[in-house]
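> sequence below, structure please.
(one chain, ligands or ions: 2)
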Amino acid sequence: MKKVFIDGETGTTGLQVRERLIHHPDIEVISIDPAKKRDVEEKRRLMKEADVTVLCLPDDAAKDSVVLAKEENCRVLDASSVHRVANGWVYGLPELDVTQRDKIKDAQFVSNPGCYPTGVVLLLKPLVEAGLLPANGDYSINAVSGYSGGGNALIDRYESDNKAPIFGAYGLSFNHKHLPEMKVWAGLSKTPIFVPSVGNFRQGMLTFLPIHLKGDTTMAQLHAKLVEIYANDTFVTVNDLNLVADNAAPFLTPHDLENTNQVELSVLSEPGNQSGILVAKLDNLGKGASGAAVQNLNIMLGFAEDIAVNLR
Ligand SMILES: NC(=O)C1=CN([C@@H]2O[C@H](COP(=O)(O)OP(=O)(O)OC[C@H]3O[C@@H](n4cnc5c(N)ncnc54)[C@H](OP(=O)(O)O)[C@@H]3O)[C@@H](O)[C@H]2O)C=CC1
Ligand SMILES: CC(=O)N[C@@H](CCC(=O)OP(=O)(O)O)C(=O)O
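Ligands and ions are numbered 1, 2, ... in the order given. Below is the predicted model:
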């Protein structure tokens, strides 16, 4: 039995990691006394006892816990956004390429990806790498997330005071914290324009990437490459070209993947096959946070990567 300490166990991400691990046959969660959840020496003790510590903390608190982990030479999986492009950290997106799982398995420090970058990187990286899309292209990304993406503060706003907007775009000063991560791991030379938004639903996410092709490349080729790349991945599926697979069709909604660790990619082409959109659908708390965290824990600890990654 391996031991995992979740620092930030009572937060949105931490609770969902815990709920998943309760059903894990080979992992025992070691919990901090809630009255001591900010007690540094108690954290140190639990980190030393654990095989891996998962940080489900705000960014500044995550930095503090990493100082402790370094002092005690402990293994860490960080769900915050602090270390996603940092030296000495492995990016915890196992589907990034064929070498990534081994890197995660051997790493002391793994950074769990952000919810929006997960979709963007899975869509763009293989297409840029194959030369089907330009690395120096001008990309625009529009996305909508369930309000749980904003953690307890936004959940409270949506679920208790009734004053939250049904839909609202944000990130409008164009410096969202996910931009460096998207640029680095998708292999882009220019920072994309990114307009995230939040809607009045708890979980789910859609990310849209409009594409205008030049030369002979077609949307069908982009689709074929994504099908080839993810053919053997359990958690990434690619819909048939131009299929809007959703219970609410003809609408494409952020729903149907709640509480799973799945990502669904779509390529929707206009009739000329020269432009269209790439779309990623996922649960911001599933493959966008806690499901991905459990997948990474499984890899770090040498278990099959699909154990306990879903909540249903
Ligand atoms: N929600 C999401 O969809 C995603 C979140 N993340 C990341 O996960 C991390 C956690 O986010 P989220 O779960 O949404 O946030 P929440 O605000 O829901 O939870 C944060 C938790 O951390 C606790 N906390 C704060 N400071 C400390 C500390 N010094 N020591 C111990 N516990 C502390 C908070 O306790 P208290 O309430 O008492 O302050 C709270 O329980 C963030 O870095 C976020 O960026 C990543 C991907 C997606
Ligand atoms: C709706 C909402 O507020 N979403 C969060 C992102 C959630 C996420 O991916 O978390 P990280 O903070 O770990 O990157 C945001 O845009 O900041």
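
> so what's the residue count around Met205?
Met205 has 29 neighbours, counted by other CB atoms under 10 Å. C-beta here means a position set from N, CA and C on the backbone, and glycine is covered the same way.

> could you measure from it over to Asn296?
19 Å (CB to CB, to the nearest Å).

> just Lys103 next, same as before
11 Å.

> residues of this protein that sit close to ligand 1?
The chain has residues 7-8, 10-14, 37-38, 56-59, 61-62, 79-81, 114-115, 148-149, 151-152, 284-285, 288-289 near ligand 1, with proximity defined as CB under 6 Å from any ligand atom.

> filter those to the buried ones?
Buried by 16 or more other CB atoms under 10 Å: 7-8, 11-14, 56-57, 61-62, 79-81, 114-115, 148-149, 284-285, 288-289, out of the residues of the chain next to ligand 1.

> re earlier: out of the residues of the chain next to ligand 1, who's near ligand 2?
Ser80, Ser81, Gly114, Cys115, Gly149, Gly288.

> and for the last one, nearest residue in space, chain neighbours not counted?
Which is Gly288. Closest residue to Gly288 apart from its sequence neighbours, by CB to CB, 6 or more residues apart in numbering: Cys115 at 2.9 Å.

> can you report phi and psi for the one you found?
Torsion angles at Cys115 (phi, psi; degrees, to the nearest 10) stand at phi -70, psi -50.

> what's the answer for Lys214, then?
Torsion angles, degrees, to the nearest 10, at Lys214: phi -120, psi 160.

> relative to ligand 1, how far out is it?
35 Å (CB to the nearest ligand atom, to the nearest Å).

> can you give me the strands in the stretch 201-312 of the chain?
Secondary structure of the stretch 201-312 of the chain (DSSP state E, counting those that start in this stretch): strands at 205-212, 236-238, 263-269, 275-282.

> let me have those strands in JSON lines, adding distance to His24 as columns.
What follows is the strands of the stretch 201-312 of the chain, written out as JSON lines (distance: least, CB to CB, whole Å):
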{"stretch": "strand 205-212", "distance to His24": "25"}
{"stretch": "strand 236-238", "distance to His24": "22"}
{"stretch": "strand 263-269", "distance to His24": "21"}
{"stretch": "strand 275-282", "distance to His24": "21"}
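
> I'd like these written out as JSON lines, with distance to Val98 and mean pLDDT added.
JSON lines is the format used below for these (distance: least, CB to CB, whole Å; pLDDT from 0 to 100):
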{"stretch": "strand 205-212", "distance to Val98": "23", "mean pLDDT": "98"}
{"stretch": "strand 236-238", "distance to Val98": "14", "mean pLDDT": "98"}
{"stretch": "strand 263-269", "distance to Val98": "18", "mean pLDDT": "98"}
{"stretch": "strand 275-282", "distance to Val98": "20", "mean pLDDT": "98"}
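
> what sits against Tyr230?
Glu95, Leu122, Val236, Thr237, Val238, Leu265 (CB atoms under 8 Å, 6 or more residues apart in numbering).

> pLDDT score assigned to it?
On the pLDDT scale, Tyr230 is placed at 98.

> ok, it to Gly215 distance?
Distance from Tyr230 to Gly215, by CB to CB: 25 Å.

> checking my notes, Pro180 in a helix, right?
Yes - judged by DSSP: H, G, I helix; E, B strand; the rest coil, Pro180 forms part of a helix.

> pretty sure Lys48 is in a helix, no?
Yes - according to three-state DSSP, Lys48 belongs to a helix.

> any idea of the pLDDT on it?
Looking at Lys48, the pLDDT reads 97.

> ok, the residue nearest to it when sequence neighbours are not counted - contacts?
Spatial nearest neighbour of Lys48, chain neighbours left out: Glu72 (5.3 Å); criterion: CB to CB, 6+ apart. Taking CB under 8 Å, 6+ apart as the criterion, Glu72 is in contact with Arg44, Met47, Lys48.

> picking up where we left off before, right, so of the strands of the stretch 201-312 of the chain, which gets closest to ligand 2?
strand 205-212 (8.6 Å; CB to the nearest ligand atom).

> which secondary structure elements does that closest one contact?
helix 115-129, strand 140-146, strand 275-282 (3 or more CB pairs under 8 Å, 6 or more residues apart in numbering; DSSP states H and E).

> so can I have CSV of those showing distance to Ala164?
Converted to CSV, those look like this (distance: least, CB to CB, whole Å):
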stretch, distance to Ala164
helix 115-129, 19
strand 140-146, 12
strand 275-282, 22
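
> return the most buried member of the ones you listed.
helix 115-129 (a mean of 25; mean count of other CB atoms under 10 Å).

> what's the angle between that one and strand 205-212?
30 degrees (axes from the mean of the first three to the mean of the last three CA atoms, to 10 degrees).
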